[in-house]
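Novice: Dropping the sequence and predicted coords here.
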Amino acid sequence: MTRIGWIALGFAVGLAGCAGDGSHKVPPPAHGGTLVELPDRKGHVEVVQRDAPGQSRAGQVVLYFLNSSSTPMDPPPTAATLKLRGGKPIDFKSAEGGSMETGPIPDLGDLEGELTATIDGKPITVPLGRR
């Protein structure tokens, strides 16, 4: 192999191990939602939007908080609130497996706004939707 070939191979192998921006690759969301990075390398939150059980024309939002190892956060957040653009704050309650969920939300559309959660006793805020 020529010198240029070895350099190209080394470059390709180096890129394969990272996302290209210095961050680590994160596995795909386990619940089919959207991963949002939390500030201060606290991990990620997977935001899942689904139909509310037993409710027609209503949606529900479920949050799965993951630590930097992509496993459920322990301890889980103690509170979370979603503030949709132009809407009132929506509080989450604890659910199965360390997740948090809303009650039924009538005519739930796109999730654009801010999510605030309390992690390790400190509030964090992340934008949702278009940036």
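Specialist: The structure has been received and is ready for your questions. The shown structure was predicted, so the numbers you read here are calculated from the model rather than taken from an experiment.
Novice: Would you enumerate the residues in contact with the closest residue to residue 105 other than its chain neighbours?
Specialist: With C-beta to C-beta, 6 or more residues apart in numbering as the criterion, residue 105 has its nearest non-adjacent residue at 5.2 Å, and that residue is residue 59. C-beta here means a position set from N, CA and C on the backbone, and glycine is covered the same way. Neighbour list for residue 59: 49-52, 104-105, 107-108 [criterion: C-beta atoms under 8 Å, 6 or more residues apart in numbering].
Novice: Relative to residue 52, how far out is residue 107?
Specialist: 11 Å (C-beta to C-beta, to the nearest Å).
Novice: The two - which one has more neighbours?
Specialist: Each of residue 107 and residue 52 had its neighbours counted (other C-beta atoms under 10 Å), and the higher figure belongs to residue 52 (18 against 7).
Novice: For the more buried one, give me the pLDDT.
Specialist: The confidence metric pLDDT takes the value 88 at residue 52.
Novice: And residue 37, by the same measure?
Specialist: Note for residue 37: predicted pLDDT of 92.
Novice: Where does pLDDT dip in this protein?
Specialist: The chain contains residues with pLDDT under 70 at 1-27, 130-131.
Novice: buried set for stretch 114-122?
Specialist: Burial within stretch 114-122, assessed by neighbour count using 16 or more other C-beta atoms under 10 Å, is assigned to 115, 117, 119.
Novice: What is the most widely separated pair among the contacts of residue 59?
Specialist: Between all members of the contacts of residue 59, the longest pairwise span (C-beta to C-beta) is found for 50 and 107 and amounts to 14.5 Å.
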